[in-house]
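In: Got a predicted model here, sequence first, then my questions.
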Amino acid sequence: MCTGAKCTTVTCNANRFNTNNDATDGCEETCAIVNESICTTCTSTATGGCTVVECNENFFNSDNDATNGCEETCALVKEGTCTSCSSVAATGCTSLECNENFFNIDNTFFNGCESSCANVTDGTCTACSSTITTGCTAIKCIENKFDTNTNQSDGCEAGCDIVMHGTCTACATALDSGCTAVTCNDNKFDTNNDATDGCEVGCSSLVAHGTCTACTTALASGCTEVTCNDNKFDTNTIAADGCEAGCTVVTNAASLATYTCTTTFNSRVSNCAAGYIKIGGGVAGASSTADTCIACNNGAATYVCDAGEYKSGNQCVGTETLDTQTCTTCAQGGGRNGTAYVCAAGEWKTGNQCDRSGSSNKKN
């Protein structure tokens, strides 16, 4: 309706509205804008007036409420973005874009990008162009492991370096100079607190007459086990003072005699002093018996017989095991107390005077 040249009343087309009540400019507004869609049918310009909606691509009016538009899109998928879909369910995904370092190797969209960079030795592949090890382009090594060959595909192939008499348990590099902590082998110690040169000291060498074979420190006081030298013994069972006992001294042994023994009680002596013979240990039936030196029957090595006797047997010089030196009466007697011997009638003297220094009976 109009009056003269001026329109005073307007009838709007479907989905159009004269919201300013000015017939002259017609029906200036349409259906409201709603979420991710076009409201194609409405009863007013308010969103609450929308009755039919047409969704944008990959959006859906899953609650069948046109007033809130198309409120849902493609489903979330693992490590990627579903870029096109036929429904809001994961199974409706028809294409996807994977996150960095993830891959859709099974070409199935609903389970997303299920594979990542390959596992590598002693490290984590942090960037890759494929899921195989050769596709690894960046790596992060675990503690105390290093990629020294700069080949990410074989991981972190190097660990802490070998150190002397121990194991480097922490390090800043794969070089021995990079070692920062060390665990020592048994009986070895890092006394200089420098892990780079390992465990440089062993059990103390300052134990008497033996070798310390087990210890808790590098000091002699730390010795817990000792192996004794020949003819030495740890009789007090205190390893720290070494092997304090030796072969028992044999009475009347030669001053420069040498000893051997397997216990402190069964000394074997090389020779006795002059005037003594050696009786071997164990003669009495006990192997633990030591050698003994007993006096020869006729005294020292240079023995003298009585007048009217002469020497026989070996000189008793300390090396014998039998006492064979004896004094034998001269056949013709005489010479005793310095007197000359006299032959019987019809005899004459032959040989030397039997004066106790001779070694045979030469007077006849």
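Out: Cool, got the structure. Numbers count the residues shown, from 1 in each chain.

In: could you say what helices and strands the helix or strand that contains residue 277 packs with?
Out: Per DSSP states H and E: residue 277 is located in strand 276-279. Contacts defined by 3 or more CB pairs under 8 Å, 6 or more residues apart in numbering; DSSP states H and E place strand 276-279 against strand 292-295. Using the backbone N, CA and C atoms, a C-beta is placed for each residue, glycine as well.

In: Take the strand it packs on, keep the C-alpha atoms, and write them as PDB.
Out: Presented in PDB, the C-alpha positions along strand 292-295 are these (Å, rounded to 0.1, in the frame of the first residue of the first chain):
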ATOM      1  CA  THR A 292     117.000 -80.400  66.000                       C
ATOM      2  CA  CYS A 293     120.800 -79.900  66.400                       C
ATOM      3  CA  ILE A 294     122.300 -82.200  69.000                       C
ATOM      4  CA  ALA A 295     125.900 -82.100  70.300                       C
END
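
In: Please list the outside residues in contact with it.
Out: 250-253, 269, 272-273, 275-279, 281, 318 (CB atoms under 8 Å, 6 or more residues apart in numbering).

In: In these, find the pair that's most separated.
Out: 275 and 281 (20.4 Å; CB to CB).

In: List the residue ranges of the stretch 51-200 of the chain that fall below the pLDDT cut-off.
Out: Applying pLDDT under 70 to the stretch 51-200 of the chain flags no residue at all.

In: Scan the contacts of strand 292-295 and report the most crowded one.
Out: residue 272 (28 neighbours; other CB atoms under 10 Å).

In: Not counting sequence-adjacent ones, nearest residue to residue 224?
Out: Leaving aside its chain neighbours, residue 224 sits nearest to residue 214 (4.9 Å; criterion: CB to CB, 6 or more residues apart in numbering).

In: Okay, and that neighbour sits in which element?
Out: Residue 214 belongs to strand 210-215 when assigned by DSSP H and E.

In: Can you name the residues in contact with that strand?
Out: Defining contact as CB under 8 Å, 6+ apart, one finds that strand 210-215 is touched by 186-187, 202-205, 220, 222-229, 232, 234, 239, 242-243.

In: Can you select the buried ones from those in PyMOL?
Out: A single PyMOL command is used to select the members of the contacts of strand 210-215 judged buried by 16 or more other CB atoms under 10 Å:
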select buried, resi 187+202+203+204+220+222+223+226+228+232+234+239+242+243
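
In: So which bits of the strand holding residue 214 are buried?
Out: Buried residues in strand 210-215, counted by 16+ other CB under 10 Å: 210, 212, 215.

In: Make a markdown table from these and add distance to residue 313 and pLDDT to it.
Out: Listed next are the buried residues of strand 210-215 as a markdown table, based on distance: CB to CB, whole Å; pLDDT from 0 to 100:
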| residue | distance to residue 313 | pLDDT |
| --- | --- | --- |
| 210 | 44 | 96 |
| 212 | 52 | 97 |
| 215 | 57 | 97 |
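
In: Looking at these, which is nearest residue 85?
Out: Checking those one by one against residue 85 (CB to CB), the nearest turns out to be residue 215, at 73.9 Å.

In: measure the spatially closest residue to that closest one that is not a sequence neighbour to residue 168 for me?
Out: Among residues not flanking residue 215 along the chain, residue 203 sits closest, at 3.8 Å (CB to CB, 6+ apart). Here the criterion is CB to CB, to the nearest Å. By it, residue 203 lies 22 Å from residue 168.

In: can you check residue 114 too?
Out: Look at residue 114 and residue 168: by CB to CB, they are 40 Å apart.

In: same check, this time on residue 174
Out: 10 Å.

In: Same check on residue 55?
Out: 65 Å.

In: Counting neighbours, go ahead and name the busier of these two.
Out: More crowded of residue 55 and residue 168, by other CB under 10 Å: residue 168, with 22 against 19.

In: residues making contact with stretch 245-263?
Out: With CB under 8 Å, 6+ apart, stretch 245-263 has contacts from 209, 230-236, 264-265, 267-274, 276, 288, 290-295, 318.

In: Just the buried subset of those, written out for ChimeraX, thanks.
Out: Buried subset of the contacts of stretch 245-263, written as a ChimeraX selection, criterion 16+ other CB under 10 Å:
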select :209,231,232,233,234,264,267,268,269,271,272,273,274,276,290,291,292,293,318
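
In: count of neighbours near the nearest residue to residue 147 once chain neighbours are set aside?
Out: Nearest residue to residue 147, sequence neighbours excluded (CB to CB, 6+ apart): residue 156, at 5.0 Å. Residues lying near residue 156 (other CB under 10 Å) number 22.

In: quick one, what contacts residue 156?
Out: By CB under 8 Å, 6+ apart, residue 156 lies in contact with 120-123, 139, 141-142, 145-147.
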